[in-house]
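Participant: model the structure of this input:
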Amino acid sequence: MEVHVVDNQVDRAVKTLKKMLRKEGVLTQLKEKRFYEKPSVKKRRKRAKAAKRRRRVELRAAQRGR
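Facilitator: A predicted model of the protein is given here:
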């Protein structure tokens, strides 16, 4: 991952880098791995994430079907 600093605009470059990291999911992974998570909690979180993903796909399909 690479961000170019133009005209000493470091703030803009940092903002761009954070946006790229968020889009790739790096920050989420770091947050998840920061502390130990019990297996039952991990399964629950994964199921919730999958359900959210399914709802989003179904919603998009319903909107296209109009």
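
Participant: tell me the helix or strand right after the helix or strand where residue 20 lies.
Facilitator: When secondary structure is defined by DSSP states H and E, residue 20 falls within helix 10-24. As assigned by DSSP H and E, the chain's next helix or strand after helix 10-24 is helix 26-33.

Participant: just the CA atoms of that following helix, as PDB, please.
Facilitator: Only the C-alpha atoms of helix 26-33 are listed here, as PDB (Å, rounded to 0.1, in the frame of the first residue of the first chain):
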ATOM      1  CA  VAL A  26      -7.000  -3.900   8.300                       C
ATOM      2  CA  LEU A  27      -8.200  -1.800  11.100                       C
ATOM      3  CA  THR A  28     -11.000  -4.200  11.900                       C
ATOM      4  CA  GLN A  29      -8.700  -7.100  11.900                       C
ATOM      5  CA  LEU A  30      -6.300  -5.300  14.300                       C
ATOM      6  CA  LYS A  31      -9.200  -4.500  16.600                       C
ATOM      7  CA  GLU A  32     -10.400  -8.100  16.600                       C
ATOM      8  CA  LYS A  33      -7.000  -9.500  17.400                       C
END
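
Participant: helices or strands up against it?
Facilitator: For helix 26-33, the packing partners by 3 or more C-beta pairs under 8 Å, 6 or more residues apart in numbering; DSSP states H and E come out as helix 10-24. From N, CA and C alone the C-beta is placed, and that goes for glycine too.

Participant: what lies in contact with the helix it packs on?
Facilitator: By C-beta atoms under 8 Å, 6 or more residues apart in numbering, the list of residues contacting helix 10-24 from outside reads 1, 3-6, 27-28.
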